[in-house]
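Peer 1: need the 3D shape of this:
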Amino acid sequence: TAPVALELALLDRAANVMHVGRPCQWATGKGCSKETWTAQRWNEATCIAMLNAIKSHVGGRPVRLIGYSGGAYIAAWVAAHMDNVMELVTVAGNLDPESLMREHSIQAPEQAMPATKLARLLAATPQVHVIGNQDDVVSDSTSRIYAYVGRDVRTVTAPATHADGWSAFWVKTGAATMLP
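Peer 2: Model (predicted):
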């Protein structure tokens with residue numbers, strides 16, 4: 001599988017944007033064990049570590065967070081715990097890990113917060129959830145609760161599977177410019 005989040009980040013020319021992927025998905029070394037990117041990928045310690053890393057990078061400047069796949073939940077959790085997020089964008093986003101794992105008959109790893117609670121914390125945060133019309137990994141149902149609870153939430157459908165078609169869509173739509 002290609003590193004989709006990295007490809008999108010390299011194509012994105014917007015100012016103050018941070019792309020969030022699942023921890024250790026493409027890295028090895030100290031702190032990147034199999035447990036880190038599987039069983040611990042959405043737990044509170046992982047989310048706090050990502051929050052601290054993003055805060056140290058952006059400081060108090062406004063930022064747009066973009067999360068791909070499993071990184072979408074982390075981006076959403078981080079957005080709910082920062083007051084300078086101007087927008088949350090998810091791409092093929094697993095925003096409800098528990099439901100998604102149940103759909104695929106996989107035991108869900110520990111997650112920092114249930115999706116319903118996270119959606120309520122993000123209710124005032126502008127959000128765009130981009131869903132692939134051929135994605136057989138993450139269905140649009142994982143973002144429905146966010147659209148139901150949020151005030152400024154849009155969903156966009158892209159001609160993409162879970163792993164393919166995103167770069168072409170990003171270029172065609174102008175990435176950051178596709179979003180108001």
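Peer 1: buried ones in the helix ranked longest in the chain, by neighbour count?
Peer 2: Assignment by DSSP state H gives helix 44-58 as the longest helix of the chain. If you call a residue buried by 16 or more other Cβ atoms under 10 Å, then helix 44-58 has these buried ones: 46-47, 50-51, 54, 58. For every residue, glycine as well, the C-beta is placed using N, CA and C.
Peer 1: following the least confident helix or strand in the chain by mean pLDDT, which helix or strand shows up next?
Peer 2: Lowest on mean pLDDT, DSSP states H and E among the helices and strands of the chain sits helix 141-149, with a mean of 68. Tracing the chain past helix 141-149, the next element assigned as helix or strand by DSSP states H and E is strand 153-158.
Peer 1: parallel or antiparallel, list what pairs with that following strand.
Peer 2: Counting by DSSP bridges, the strands paired with strand 153-158 are strand 127-132 (parallel).
Peer 1: pLDDT weak spots in this structure?
Peer 2: For the chain, the stretches with pLDDT under 70 are 1-2, 25-28, 37, 39, 107-111, 142-150, 174-180.
Peer 1: residue ranges for the helices of it, please.
Peer 2: Listed in chain order, the helices of the chain (DSSP H) span residues 4-11, 34-37, 44-58, 70-80, 97-103, 115-121, 141-149, 166-173.
Peer 1: now find how far off-centre the first one is within its chain.
Peer 2: By that I understand helix 4-11. 13 Å (Cα atoms, centre = their mean, to the nearest Å).
Peer 1: if we ignore the residues flanking it in sequence, what's nearest the residue positioned nearest the centre of the chain?
Peer 2: Nearest to the geometric centre of the chain sits residue 72, at 1.3 Å (Cα atoms, centre = their mean). Sequence neighbours aside, residue 93 is the residue nearest to residue 72 in space, at 2.8 Å (criterion: Cβ to Cβ, 6 or more residues apart in numbering).
Peer 1: quick one: contacts for the one you found?
Peer 2: Residues near residue 93 by Cβ atoms under 8 Å, 6 or more residues apart in numbering: 67-69, 72-73, 75-76, 129-131, 138, 142-143.
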